[in-house]
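# return atomic coordinates for the entry below.
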Amino acid sequence: MPVFPLLARCRLAALSRTAGWHRPRRQEITQGFRRTRGRGPASALALALAAAIGLAAAAFAAGQGPEAGDGGQSRAAVRQRVAALRVLGRALFSDPALSASGKLACASCHDPAHAFGPANAAAVQLGGGDLRRPGLRAVPTLTYLQAVPAFTEHFFESEDDADESVDNGPTGGLTWDGRVDRGRDQAAIPLLSDFEMGNKDEAAVAARLAAAGYGDKVAGLPGQAPRPDPAAVYRAALEALEAFEQDEPTFYPYSSKYDAVLAGKAVLTPQEAHGLALFEDPAKGNCSSCHVSRRGNDGTPPQFTDYGLIAIGVPRNPAIPANRDPAYFDLGLCGPLRTDFAGRQDYCGLFRTPTLRNVALRKSFFHNGVFHSLRQVVEFYVQRDTDPGRWYARKPDGSIDKYDDLPAFAKANVNTDPPFDRHAGDAPALDAAEIDDLVAFLDTLTDGYEPQAGSPGPAYALESKQR
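Here you go, the predicted model:
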């Protein structure tokens, strides 16, 4: 997660050929996290905790950490503070008292039973002081964010993995448009949004925290300055939410059937195995070009994202109230919610590639929640260009308005790599039976799988393919 900026990064997104960035040859280079020099295999969690403790301890020692006291703090003290913050963050996450309505908690939209994504199929959720203000985007999952790198406009392959002259373009950051890098900054967005938790400003959040009894809890945190003022209470609450979202078994358990297969404790069914093959085949699904499905160099499980930002031209969703204005467009990286790249036309329409872990638990898909089943998503991928009339609205003259959720100038940014390289009337890259198989494989990415006792037998030779 971006609270740990020293984490290794995955391969980055396939961007539109027209955007001028180059796509790495993922089938020819080792995929996943960079190998940590001088170390054996290490999990993303171990790297994260090491980085967190090291950075936090250094910050406290330098008097730069949040609410640092008068000097150096031991690593044990930092661990104690992180543990206490995590407990506080768990309580805050489920408490509606933080919202202006008194009825909306973080967990209301980020449901733990749905991989910390929305429990319903609504494209956008309702919030604000009266719980009647609609949002602008679908709620993303909060799971498996621990290794998302900080946002950068130009990510270059590093060390000996690839040619460092290859620019993979905009990559990383949290939210659909990558506009923040740390969990605490992400947590601040809904707290201060007038269509989410509805607080006017930081002082309003601090007042709600104090009224709910969290002032004393913050004052009792290890390493906390005595008698924290409202600003300190607010900062501690954000830090606590960030710490909670680092909890390993809660937010990144790696307990799916696919993880069990990689560990040799389960096997894919023939249908699931064929779905995986289609997922990775560059001439078929080509999904793994962005949703990396292979182990990292150091053995870390696949994250099923490369953290890049990409435009794929999903259809406009009339269920979003903001879309009733024909002049309104959500253009992701170039705005309107992100403002630092306003006017960068080559960035318009780009959204961050999410993880596919637990994707089968979702009931709305893409940044605008336009689709409501995995099968429909896969059908769109393979039929977007072969049967555009199925997906897009028509113009007054009866012609198909392809990429109808983008203004004309941004349509050139839409990705055309396979399976998006076909034309109207061509056969789609996957037929109906193959779509079923690919969806069956995606179902294996849901956490909570319990392997059956006994030897599973050959695990579809996955280990040999991963190397």
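
# I figured Arg344 hits Arg338, correct?
No: in this structure Arg344 lies outside contact range of Arg338 using C-beta atoms under 8 Å: 10.1 Å. Backbone N, C-alpha and C define where each C-beta goes, glycine included.

# what ranges do the helices span in the stretch 351-467 of the chain?
374-383, 432-443, 462-466 (DSSP state H, counting those that start in this stretch).

# what pLDDT, on average, does the first one get?
Throughout helix 374-383, pLDDT has a mean value of 98.

# same question for the longest one.
The average pLDDT for helix 432-443 rounds to 98.

# if you count contacts, what does that helix end up packed against?
If contacts are counted by 3 or more C-beta pairs under 8 Å, 6 or more residues apart in numbering; DSSP states H and E, helix 432-443 sits against helix 270-280, helix 374-383.

# which other residues reach it?
Residues from elsewhere that reach helix 432-443 (C-beta atoms under 8 Å, 6 or more residues apart in numbering): 268-269, 271-276, 278-279, 284-285, 287, 356, 359-360, 374-375, 378-379, 382, 430.

# how far away is His110 from Ser289?
According to C-beta to C-beta, to the nearest Å, His110 stands 28 Å off from Ser289.

# mean confidence (pLDDT) on stretch 407-417, please.
97.

# phi and psi next, for Thr171.
Reported as degrees, to the nearest 10, the phi and psi values for Thr171 are phi -150, psi 140.

# skipping its backbone neighbours, what lies nearest it in space?
Nearest non-adjacent residue to Thr171, counting by C-beta to C-beta, 6 or more residues apart in numbering: Phe155, 4.1 Å away.

# any figure for the gap between the closest residue to Ala138 other than its chain neighbours and Ala342?
Distance criterion C-beta to C-beta, 6+ apart; nearest residue to Ala138, sequence neighbours excluded, is Gly369 at 3.6 Å. Between Gly369 and Ala342 the distance is 24 Å, computed by C-beta to C-beta.

# more neighbours: those two, which one.
Gly369 (24 against 12; other C-beta atoms under 10 Å).

# quick check: phi and psi at Val180.
Backbone torsions for Val180, taken as degrees, to the nearest 10, come to phi -130, psi 160.

# returning to that earlier point: with distance to Gly169 as extra columns, can I get the helices of the stretch 351-467 of the chain in CSV?
Below are these laid out as CSV (distance: least, C-beta to C-beta, whole Å):
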stretch, distance to Gly169
helix 374-383, 21
helix 432-443, 26
helix 462-466, 27
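
# tell me, how many neighbours does Val314 end up with?
25.

# give me the element it is part of.
Assigned by DSSP states H and E, Val314 belongs to no helix or strand.

# got the contact list for it?
366-368, 370-371, 380, 405 are the contacts of Val314 under C-beta under 8 Å, 6+ apart.

# could you rerun that using 7 Å?
Counting by C-beta atoms under 7 Å, 6 or more residues apart in numbering, Val314 makes contact with 366, 368, 370, 405.

# let me have these in CSV, extended by neighbour count.
Formatted as CSV, the contacts of Val314 follow (neighbours: other C-beta atoms under 10 Å):
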residue, neighbour count
Phe366, 21
Asn368, 24
Val370, 22
Asp405, 24
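
# looking at these, spot the one nearest Thr446.
Nearest to Thr446 among the contacts of Val314 is Phe366, at 19.0 Å by C-beta to C-beta.

# which residues touch that closest one?
Applying C-beta under 7 Å, 6+ apart, the residues near Phe366 are 138, 314.

# do you know the pLDDT at it?
Reported pLDDT for Phe366: 98.

# burial count for the closest residue to Gly89 other than its chain neighbours?
Excluding its sequence neighbours, the residue lying closest to Gly89 (C-beta to C-beta, 6+ apart) is Phe244, at 2.8 Å. Residue neighbour count, defined by other C-beta under 10 Å, stands at 24 for Phe244.

# following the least confident helix or strand in the chain by mean pLDDT, which helix or strand shows up next?
Lowest by mean pLDDT, DSSP states H and E among the helices and strands of the chain is helix 44-61, with a mean of 42. Downstream of helix 44-61, the next assigned helix or strand under DSSP H and E is helix 75-93.

# quick one: list the elements packing against that following helix.
Using 3 or more C-beta pairs under 7 Å, 6 or more residues apart in numbering; DSSP states H and E as the contact test, the elements touching helix 75-93 are helix 44-61, helix 230-244.

# list the buried residues of it.
The neighbour-count check on helix 75-93 (16 or more other C-beta atoms under 10 Å) flags 77-79, 81-82, 84-86, 88-90, 92-93 as buried.

# run the chain-centre distance for that helix.
23 Å (C-alpha atoms, centre = their mean, to the nearest Å).
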